[in-house]
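Student: Have a look; sequence and predicted model below, questions after that.
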Amino acid sequence: MTQKRRFLTPAGSVELQSELSNLKSVRRPDVSARIREATETGGTVDNAEYEEVKNEQAFIEGRIQDLEEILANSTVTQRDKRVADTVQFGSSVTVTGEDGKRRSYQLVGSAEAKPLEGKISNESPVGLALLDRKIGDEVEV
């Protein structure tokens, strides 16, 4: 199966690498110690604490796998500063809606998108509509 090539901003790449490092060097050993402790104090059968820690371990291992896949199949891309008047990957843009409200967005890769923080994916409907537009262009999404 061919992996989908993703794009990351330099800051997004650093953020994901930092999260991966924290999961491997801090959270994984902590969960292992907690599993050992839960096993010693109450065994594994009908032990709610053990089940909870095992679920946390599964989440951590899944997230590690996801991050390793994202980082292995991503290209770190910076916006071309020579084309300052065109919206491109990594650009920050401010849009004014029909209601007159102004919203600011940064176009980032899907792996680092956080819409509530104004980071939208270049693959999202709004991101796709904004790409390659110029200052003053009207866009309908």
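Tutor: That came through fine.
Student: use CA for all of it now, contacts and neighbours both
Tutor: Will do.
Student: The strand ranked longest in the chain pairs with which strands?
Tutor: The single longest strand within the chain, with elements called by DSSP state E, is strand 102-108. In the sheet, strand 102-108 lines up against strand 92-96 (antiparallel), strand 119-121 (parallel) (DSSP bridges).
Student: List the contacts of the residue nearest the centre of the chain.
Tutor: In the chain, the residue lying closest to the centroid (Cα atoms, centre = their mean) is residue 112, at 2.9 Å. By Cα atoms under 8 Å, 6 or more residues apart in numbering, residue 112 lies in contact with 8, 12, 119, 121.
Student: The same query, at a cut-off of 6 Å, please.
Tutor: Residues near residue 112 by Cα atoms under 6 Å, 6 or more residues apart in numbering: residue 12.
Student: Kindly report the same for residue 134.
Tutor: Going by Cα under 6 Å, 6+ apart, the list of residues near residue 134 reads 85-86.
Student: make it 7 Å
Tutor: Shown in contact with residue 134 (Cα atoms under 7 Å, 6 or more residues apart in numbering): 85-87.
Student: any idea how far residue 140 is from residue 54?
Tutor: 47 Å (Cα to Cα, to the nearest Å).
Student: re earlier: pull the residues that contact the longest strand of the chain.
Tutor: Residues contacting strand 102-108 (Cα under 7 Å, 6+ apart): 8-9, 89-96, 118-122, 127.
Student: Looking at these, which one is closest to residue 36?
Tutor: residue 8 (37.5 Å; Cα to Cα).
Student: The closest one: what's it in contact with?
Tutor: 74-77, 108-109.
Student: Give the residue spans of this structure that score low on pLDDT.
Tutor: Low-confidence segments of the chain (pLDDT under 70): 1-4.
Student: Grab the longest helix from it for me.
Tutor: In the chain, with assignment by DSSP state H, the single longest helix is helix 48-72.
Student: how far is the next helix or strand after that helix from where the chain is centred?
Tutor: Next along the chain after helix 48-72, taking DSSP states H and E as the criterion, comes strand 74-76. Taking Cα atoms, centre = their mean, to the nearest Å, one finds the center of strand 74-76 at 13 Å from the center of the full chain.
Student: No further queries at this time; thank you.
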